[in-house]
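Peer 1: this one's sequence-less:
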């Protein structure tokens with residue numbers, strides 16, 4: 001943090017605020033403060049970077065677009081959704097115009113706007129952005145690129161959020177298959193995919209399938225992360241609930257102790 005503050009002071013002393021690298025340094029201090037869990041200190045830097053980049057560099061300069069995105073995502077993080085929305089919409093619109101629809105920065109902008117819309121319960125509009133993001137990710141980045149896998153998992157979760165369980169299932173199956181192949185079957189993200197697929201079956205009262213997956217996830221988490229890890233405890237709770245749902249109270253009681 002201190003080194004970023006010193007760099008900013010150096011740029012301001014040598015060049016003033018009307019210099020692209022100074023504005024980037026302002027943005028960096030905000031980013032580091034936010035990363036350090038100091039959002040109240042970070043916010044003025046984000047706001048200053050955005051105002052200065054618009055004034056000095058113009059609305060479609062790379063640094064300005066980065067400032068718009070960072071400000072919007074920061075406000076979303078702070079649950080200031082009404083203030084974040086126009087910035088994230090502007091970020092996507094200008095990213096598409098300046099960089100094109102297939103640029104990674106545009107995909108991230110669409111993804112960020114989708115997250116905001118999910119928080120606002122505007123799920124249908126979020127779906128349009130995330131479907132496009134996933135389609136472009138598959139075509140441009142490849143089926144097993146880390147960002148494509150994130151976009152795939154987002155779509156699966158959005159289907160569940162809308163209670164479209166039949167549509168969610170193939171997304172979660174594909175996510176599980178690809179995470180296991182890319183990360184390995186015992187990676188925590190792969191194991192979490194097993195839990196996610198189990199919840200889809202659980203929500204449709206397909207308890208035989210759900211129970212088997214919950215057991216597998218619990219066993220793997222226990223072996224990989226240990227009995228007291230939060231993900232292991234969550235998986236045990238899910239398995240216990242599935243057993244109770246099927247009237248298997250004795251095993252559920254034993255597992256819940």
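Peer 2: Structure received. The shown structure was predicted, so the numbers you read here are calculated from the model rather than taken from an experiment.

Peer 1: Can you name the residues that contact residue 251?
Peer 2: Neighbouring residues of residue 251 by Cβ atoms under 8 Å, 6 or more residues apart in numbering: residue 243. C-beta coordinates here come from the backbone N, C-alpha and C atoms, glycine included.

Peer 1: host element of it?
Peer 2: helix 249-256 (DSSP states H and E).

Peer 1: Just name the shakiest helix or strand of the protein by mean pLDDT.
Peer 2: The helix or strand of the chain with the lowest confidence, counting by mean pLDDT, DSSP states H and E, is helix 2-15 at a mean of 68.

Peer 1: Now do the buried residues in stretch 237-248.
Peer 2: Within stretch 237-248, the residues that count as buried by 16 or more other Cβ atoms under 10 Å are 238, 239, 240, 242, 243.

Peer 1: Equivalent analysis for stretch 220-228, please.
Peer 2: Buried residues in stretch 220-228, counted by 16+ other Cβ under 10 Å: 220, 221, 222, 224, 225.

Peer 1: repeat for stretch 145-163
Peer 2: Those would be 147-149, 151-160, for stretch 145-163 by 16+ other Cβ under 10 Å.

Peer 1: for stretch 89-103, what is the average pLDDT?
Peer 2: The average pLDDT within stretch 89-103 is 97.

Peer 1: Next: stretch 244-251.
Peer 2: 85.

Peer 1: end to end, how far does it reach?
Peer 2: 9 Å (Cα to Cα, to the nearest Å).

Peer 1: what does the helix or strand hosting residue 195 rub up against?
Peer 2: Using DSSP H and E, residue 195 sits within helix 188-203. Around helix 188-203, the neighbours that count as contacts under Cβ under 8 Å, 6+ apart are 153, 156-157, 160, 163, 165, 168-169, 172-173, 175-176, 179-180, 183-185, 207, 209-210, 213-214, 216-217, 220-221, 224-225, 231, 234-235, 238, 242, 245.

Peer 1: Check which residues of it are buried.
Peer 2: Applying a neighbour-count criterion of 16+ other Cβ under 10 Å, the buried positions in helix 188-203 are 188, 190-202.

Peer 1: give me the low-pLDDT residue ranges for this structure?
Peer 2: By pLDDT under 70, the low-scoring segments of the chain are 1-2, 4-9, 11-16, 257.

Peer 1: which stretches of it form helices?
Peer 2: Counting by DSSP state H, the chain has helices at residues 2-15, 20-35, 39-57, 62-77, 81-99, 104-119, 123-136, 146-161, 165-183, 188-203, 207-225, 230-245, 249-256.

Peer 1: Turn the buried residues of stretch 237-248 into JSON lines, columns for distance to residue 254.
Peer 2: As requested, these are exported to JSON lines (distance: Cβ to Cβ, whole Å):
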{"residue": "238", "distance to residue 254": "16"}
{"residue": "239", "distance to residue 254": "11"}
{"residue": "240", "distance to residue 254": "9"}
{"residue": "242", "distance to residue 254": "14"}
{"residue": "243", "distance to residue 254": "9"}
